[in-house]
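Asker: please find the sequence and the predicted model below.
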Amino acid sequence: MALGFMKNVFTFGKKEQKPQEDQVVAPEEETEAPQTATTEPEQAEAAITEAVSSDPWDDDSIVGGVVGRSSEEPETPPEEPGPEKEPAGEAPETSAQAEEPVAATPVEAPPEAAEEPVPAPKKNQGFEITAGPTPEAPKPLPTKKLSWFQRLKAGLFRTSQQLSGQITALFTKRKLDEEALEELEDLLIQADLGIETAMRITDTLSAERYGRDVTGKDVTRIMADEITKVLQPVARPLALDLSKKPHVILVVGVNGTGKTTTIGKLAAKLTRAGLKVTLGAGDTFRAAAIEQLKIWSDRTGAEFVGTKLGADAAGLAYDALKRGQENGSDVVIIDTAGRLQNKAELMDELAKIVRVLGKLDPDAPHTVLQTLDATTGQNAMSQVEIFRNVAGVSGLVMTKLDGTARGGILVAIAAKHKLPVYFIGVGEGIDDLEPFEAEEFAQAIAGTPEEEEA
Ligand SMILES: Nc1nc2c(ncn2[C@@H]2O[C@H](COP(=O)(O)OP(=O)(O)OP(=O)(O)O)[C@@H](O)[C@H]2O)c(=O)[nH]1
C-alpha cells in the first residue's frame, strides 16, 4: 500500500498520532441499530463473568473491561485441550453459508469514554491517521512497572550480554586484523543476525579501524548502527486503508507464537482509536482459542464471530468478513489455528481461507500478519518463507520479546524478506504491543550502553 498517497488511510505501527477533535466516527456507524437482541441476557452475563474471572491475563491495567455481549456462547465448552494442539486432520468441510456464526451484539463505547478529556498520547501509539472516519481519543494508558524498552532490553539481555562479553574478550589487547574480523563474523552469525548483516558490521568496522586498536564499545556502536540500517526500512506502520473497509487482517503463524494474544492487543489499540472492529475466531481446532478470543472481544469492545469446535475455518473467515461488512466494521481481524509450516494439509487450509475471503472482497485479506516467537531462533526464517508463499504474509509481529528472547533472527529476516515489522510483543497484557522501532531494537541487541528509557 502506498503510504501517504491514499485517502482514508489509518497507519498503525510507527508514527505518533495526535487525536483531533474534529475527527468523529462516521454517523452511520454510530447510529447503527443494535443487532439481534440477547435472548438470555442473564445466562450470557453469567457466562461472560465466569470467563473474565477465569481469565489468566486479567489485571488491573486493563482498560475497557467487558463491553461486548455475545448473543450466544460457543457451543463447545472452553476446556483446555490435551497437550496435542495440532489436530489429527483437517476439519470437516462445510459451506461457508452453512456454518452459523456466533455474532455478538454490537458493542457500545463505555459511557465514560465520551466524558473523558482527550489525552495527547505520551509517545508513539503505533498509528497515524491521515483522513477518513475518525476515531475517538485514545484512552490514557495505565502506568506500567517496567517500560516496554526495559522489558525489551531485559528480554534480549542474554543475547546482548553474551555477544558483548565475547566481543570484549575478542578485542582485548588486540589490533583489528583479518582473523579478528572472521571471529567476529562467526559470533554475529551465531547470534542469528545472518551472514549479510554480519558482513555489513565487519566491513564497516574494518573500514574504520583496520590495523588499529578496537574496543568492545567501538564494535557495539557499529553493530547497533548497522543493525538499525537493516531494520529501519522494515519498521513500518500498519496502514489501514479505510476507503475500502473493512480492512481485513488475517493472522497466521506457528502454534503458540502469540496470534490470539496479538489480535487482542491490536483490537485494543484499534477500538481505543474509535474504530469498529470485528474478530473472527478462525482457530476452530482449539476450544480454548475460541474462548480466549471471545474474552479479548469482550475486553476491547470488538464484535465477536465464532463457531463450533472443528468447524470449517474458511467458512468462519467468510462469516466474519460478511458480518464485518454488514455491521460497518473498519477492521476485521481473523484468527487462525497455529500450524507447523511443514504440515501440508494445514497450509492448504490457510490458502483456502485466503481464497474464500477473496470471494467477498477481491482485495481481502488486505494484511496477512505473521506472528513470530522471539524465543525461536533460526526456525523463524523458514516459518516466514513458507507462510509467505502459502498465505502471502505481508507483515510481521515479533512476540515474547520480554522473555528470554533471542531476537537476532528478526534482523536476518528483515535483511532477506524485507517484510514490514509492525509491532513487537513485550508481555501478555493488553498494552504490551509496541510499534517496532529499529533503533531501540538494534540497541537492545547490540547492548549499547544507553540507559535512557524510551
Ligand atoms: N511473555 C509474553 N507472552 C506472550 C506474548 N504474546 C503471547 N504470549 C503468550 O504466549 C502464549 C501463546 O499465545 P497465543 O496467543 O495463545 O498463541 P497462538 O499463536 O494463538 O496459539 P495457537 O492457537 O496454539 O496457535 C500465551 O500464554 C500468551 O499469553 C508476549 O509478547 N510476551
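Answerer: Everything's here; your move. Numbering: from 1, shown residues only.
Asker: where does pLDDT dip in this structure?
Answerer: Low-confidence segments of the chain (pLDDT under 70): 1-146, 341-342, 448-454.
Asker: for it, just list every one of the strands.
Answerer: 9-12, 69-70, 102-105, 127-129, 238-241, 247-252, 277-280, 303-306, 331-334, 367-373, 395-399, 421-425, 433-435 (DSSP state E).
Asker: among these, which comes closest to the ligand?
Answerer: The ligand lies closest to strand 421-425 among the strands of the chain, at 2.5 Å (CB to the nearest ligand atom). From N, CA and C alone the C-beta is placed, and that goes for glycine too.
Asker: which strands or helices does the closest one pack on?
Answerer: For strand 421-425, the packing partners by 3 or more CB pairs under 8 Å, 6 or more residues apart in numbering; DSSP states H and E come out as helix 259-272, strand 395-399, strand 433-435.
Asker: can you tell if that strand touches the ligand?
Answerer: Yes. Counting by CB under 6 Å from any ligand atom, the ligand is contacted by strand 421-425 at G425.
Asker: now could you export just the CA positions of that strand as CSV?
Answerer: Taking Å, rounded to 0.1, in the frame of the first residue of the first chain, the C-alpha atoms of strand 421-425 are listed here in CSV:
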residue,chain,number,x,y,z
VAL,A,421,7.6,-5.4,11.1
TYR,A,422,4.7,-3.6,12.6
PHE,A,423,4.7,-4.4,16.2
ILE,A,424,6.6,-6.3,18.9
GLY,A,425,5.0,-8.1,21.8
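Asker: just give the strands next to that strand in its sheet, each with its orientation.
Answerer: Using DSSP bridges, strand 421-425 pairs in its sheet with strand 395-399 (parallel), strand 433-435 (antiparallel).
Asker: if you count neighbours, what's buried in the last one?
Answerer: This means strand 433-435. Neighbour counts over strand 433-435 (16 or more other CB atoms under 10 Å) mark 433-435 as buried.
Asker: CSV for those, including distance to D312?
Answerer: Shown next, in CSV, are the buried residues of strand 433-435 (distance: CB to CB, whole Å):
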residue, distance to D312
L433, 29
E434, 35
P435, 35
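Asker: let's have the residues you listed in CSV, adding distance to the ligand.
Answerer: What follows is these, written out as CSV (distance: CB to the nearest ligand atom, whole Å):
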residue, distance to the ligand
L433, 8
E434, 10
P435, 14
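Asker: excluding covalently adjacent residues, which one is nearest to L357?
Answerer: A364 (4.2 Å; CB to CB, 6 or more residues apart in numbering).
Asker: and if you look at L275?
Answerer: D330 (4.1 Å).
Asker: same check on L360?
Answerer: Nearest residue to L360, sequence neighbours excluded (CB to CB, 6+ apart): L321, at 4.9 Å.
Asker: my read: that neighbour touches P246, true?
Answerer: Yes. With contact defined as CB atoms under 8 Å, L321 counts as touching P246 (7.2 Å).
Asker: mutual contacts of the two, please.
Answerer: Shared contacts of L321 and P246, defined by CB atoms under 8 Å, 6 or more residues apart in numbering, comprise V332.
Asker: count of neighbours near E185?
Answerer: 18 (other CB atoms under 10 Å).
Asker: my bad, Q161
Answerer: 11.
Asker: mind listing what it touches?
Answerer: Contact partners of Q161, counting by CB under 8 Å, 6+ apart, are G447.
Asker: distance of it from the ligand?
Answerer: Separation of Q161 from the ligand (CB to the nearest ligand atom, to the nearest Å): 19 Å.
Asker: can you list the strands of the chain in TSV and add distance to D192?
Answerer: As requested, the strands of the chain are exported to TSV (distance: least, CB to CB, whole Å):
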stretch	distance to D192
strand 9-12	27
strand 69-70	42
strand 102-105	41
strand 127-129	30
strand 238-241	25
strand 247-252	22
strand 277-280	33
strand 303-306	37
strand 331-334	29
strand 367-373	12
strand 395-399	12
strand 421-425	15
strand 433-435	21
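Asker: quick revisit: and the residue nearest to L275, how many neighbours?
Answerer: Using other CB under 10 Å as the criterion, D330 is surrounded by 26 other residues.
Asker: kindly report the same for G425.
Answerer: By other CB under 10 Å, the residues close to G425 number 28.
Asker: nearest residue to it other than its sequence neighbours?
Answerer: Using CB to CB, 6+ apart, the closest residue to G425 is T399 (3.4 Å).
Asker: got the residues of this structure near the ligand?
Answerer: Within reach of the ligand by CB under 6 Å from any ligand atom, the chain has these residues: 85, 253, 255-261, 283, 286, 289, 338, 371, 399-400, 402-403, 425-428, 432.
Asker: out of the residues you listed, which are buried?
Answerer: Neighbour counting by 16+ other CB under 10 Å classes 85, 253, 257-261, 283, 286, 289, 338, 371, 399-400, 402-403, 425-428, 432 among the residues of the chain next to the ligand as buried.
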